[in-house]
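> Got a predicted structure plus its sequence, pasted below:
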Amino acid sequence: MKKVFAVFGDPIEHSLSPVMHNAAFKALGMDCTYHAFRVSRENLKDAIKGAHAMGFGGLNLTVPLKEEALKIVQPDPLAATMGAINTVDFKCTVRGYNTDGIGAKRALVDAGVKIEGAKVLIVGAGGAARGISFKLAGDGADITIANRTPEKSIQLAEDVALVGNARGCGLDKLDELIADADVLINCTSLGMHPQVEATIAIAEQMHSGLVVFDIVYNPLKTKLLKEAEKAGAKTVSGVMMLVYQGAEAFRIWTDVEPPVEVMKEAVMGALRT
Ligand code: NAP
């Protein structure tokens, strides 16, 4: 019988996960299907129990469910320390994982970044910044988190300091922080469709030795990435984080090597239409 997988979130209409995972299942000839369901925080427990009872193969969770899920499923150690879950597996118990940080790390490694010892400046202190900063700090990067609301970046850095080097601050010294960084990661929603002219930094603030990673993937080439190109910096698209976090979830559920190129093409195709 066809195995069912799903992503839960609210809103969920624009999720690219169904197109990405269904392309992967089709390419591998697996009798599986992946759907998006709108699930509120209040209904998450019932929805996860229902999916488990109906024999679903696995779940992804997105905004606003990632933290709530910690109270419901058994987290692996990384997800427990991060405080957020984006992948649920039903194989043995109902187990939760966080693959966002792994996705971001793979995207950076692909671009030739050596994580250990890299000076990484993360702008933003929301859910995505949490996953990425824990993973990169745990792998030996030196992390600075700058956020519009400094209290949030300072708190996040204190949490991340449990696994590595991290400090938090506001956006007032952004020029100096960028000048001193090896890697700049945009973890805010600035630049996301329809506000495509918004950016955390312009070319004049950047340098040619910088790697600029924008986790916003719609549009494919954000204003920040265009500015980074003008400055001669190396750029990394958020699409690769999306693909690699999905690929890691696919591996957890199926124990099968995910077809990363197929998943990437499916996402790029959906974003171009
Ligand atoms: P979130 O938890 O809502 O956090 C949003 C962050 O953006 C906060 O730090 C917020 O600052 C900051 N921000 C929002 N508007 C701003 C502005 N006008 N100026 C300066 N800072 C601003 O969101 P999230 O879940 O972390 O997601 C952030 C973005 O990453 C979204 O666009 C999402 O689509 C994208 N994302 C991509 C991937 C991927 O796989 N590529 C994965 C996850 C998320 P305050 O704290 O001051 O409000």
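Sure, I can see it. Because the structure is predicted, anything quoted here is derived from the model rather than measured. Numbering: from 1, shown residues only.
> CA atoms for contacts and neighbours, from now on please.
Fine.
> ranges for the strands of this structure?
3-9, 32-38, 58-61, 74-75, 87-89, 95-97, 119-123, 142-146, 165-169, 183-186, 211-214, 234-237 (DSSP state E).
> Make JSON lines out of those strands and add distance to the ligand and mean neighbour count.
As requested, the strands of the chain are exported to JSON lines (distance: least, C-alpha to the nearest ligand atom, whole Å; neighbours: other C-alpha atoms under 10 Å):
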{"stretch": "strand 3-9", "distance to the ligand": "12", "mean neighbour count": "21"}
{"stretch": "strand 32-38", "distance to the ligand": "16", "mean neighbour count": "17"}
{"stretch": "strand 58-61", "distance to the ligand": "11", "mean neighbour count": "26"}
{"stretch": "strand 74-75", "distance to the ligand": "19", "mean neighbour count": "20"}
{"stretch": "strand 87-89", "distance to the ligand": "13", "mean neighbour count": "27"}
{"stretch": "strand 95-97", "distance to the ligand": "14", "mean neighbour count": "24"}
{"stretch": "strand 119-123", "distance to the ligand": "7", "mean neighbour count": "25"}
{"stretch": "strand 142-146", "distance to the ligand": "8", "mean neighbour count": "25"}
{"stretch": "strand 165-169", "distance to the ligand": "11", "mean neighbour count": "22"}
{"stretch": "strand 183-186", "distance to the ligand": "8", "mean neighbour count": "24"}
{"stretch": "strand 211-214", "distance to the ligand": "8", "mean neighbour count": "26"}
{"stretch": "strand 234-237", "distance to the ligand": "8", "mean neighbour count": "21"}
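> need the residues of the stretch 51-200 of the chain near the ligand, please.
124-129, 147-149, 187-190, 192 (C-alpha under 6 Å from any ligand atom).
> Weed out the non-buried ones from those residues.
124, 125, 127, 128, 129, 147, 187, 188, 189, 190, 192 (16 or more other C-alpha atoms under 10 Å).
> still on that earlier bit, now the strands of the chain in TSV, please, with extra columns for mean pLDDT and distance to residue 133.
Shown next, in TSV, are those (pLDDT from 0 to 100; distance: least, C-alpha to C-alpha, whole Å):
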stretch	mean pLDDT	distance to residue 133
strand 3-9	97	23
strand 32-38	98	28
strand 58-61	98	19
strand 74-75	96	18
strand 87-89	98	18
strand 95-97	97	16
strand 119-123	98	8
strand 142-146	98	7
strand 165-169	98	8
strand 183-186	98	10
strand 211-214	98	13
strand 234-237	96	17
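> farthest pair in the residues of the stretch 51-200 of the chain next to the ligand?
Pairwise distances among these were taken by C-alpha to C-alpha; the largest, 19.4 Å, belongs to 149 and 192.
> Show me where the stretch 101-250 of the chain has its helices.
127-138, 150-160, 174-180, 223-230, 238-254 (DSSP state H, counting those that start in this stretch).
> And the second one, what does it pack against?
Of the remaining helices and strands, those touching helix 150-160 by 3 or more C-alpha pairs under 8 Å, 6 or more residues apart in numbering; DSSP states H and E are helix 127-138, strand 142-146, strand 165-169.
> Residue 88 touches residue 62, doesn't it?
No - counting by C-alpha atoms under 8 Å, residue 88 does not reach residue 62; the two are 11.4 Å apart.
> Which stretch among the helices of the stretch 101-250 of the chain is buried most, on average?
helix 127-138 (a mean of 24; mean count of other C-alpha atoms under 10 Å).
> That one: how far from the chain's middle?
Computed by C-alpha atoms, centre = their mean, to the nearest Å, the chain-centroid distance of helix 127-138 equals 9 Å.
> by how many degrees do that helix and strand 165-169 diverge?
On the basis of axes from the mean of the first three to the mean of the last three C-alpha atoms, to 10 degrees, helix 127-138 is oriented at 140 degrees to strand 165-169.
> tell me the domain boundaries of this protein?
With domains defined by automatic domain parsing, the chain comprises 3-98+240-272, 101-236.
> Compute the first-to-last residue distance for the first one.
The first and last residues of domain 3-98+240-272 sit 29 Å apart, counting by C-alpha to C-alpha, to the nearest Å.
> Please compute how far that domain lies from its chain's middle.
12 Å.
> what do you get for the last one?
The gap between the average C-alpha position of domain 101-236 and the chain average comes to 12 Å, counting by C-alpha atoms, centre = their mean.
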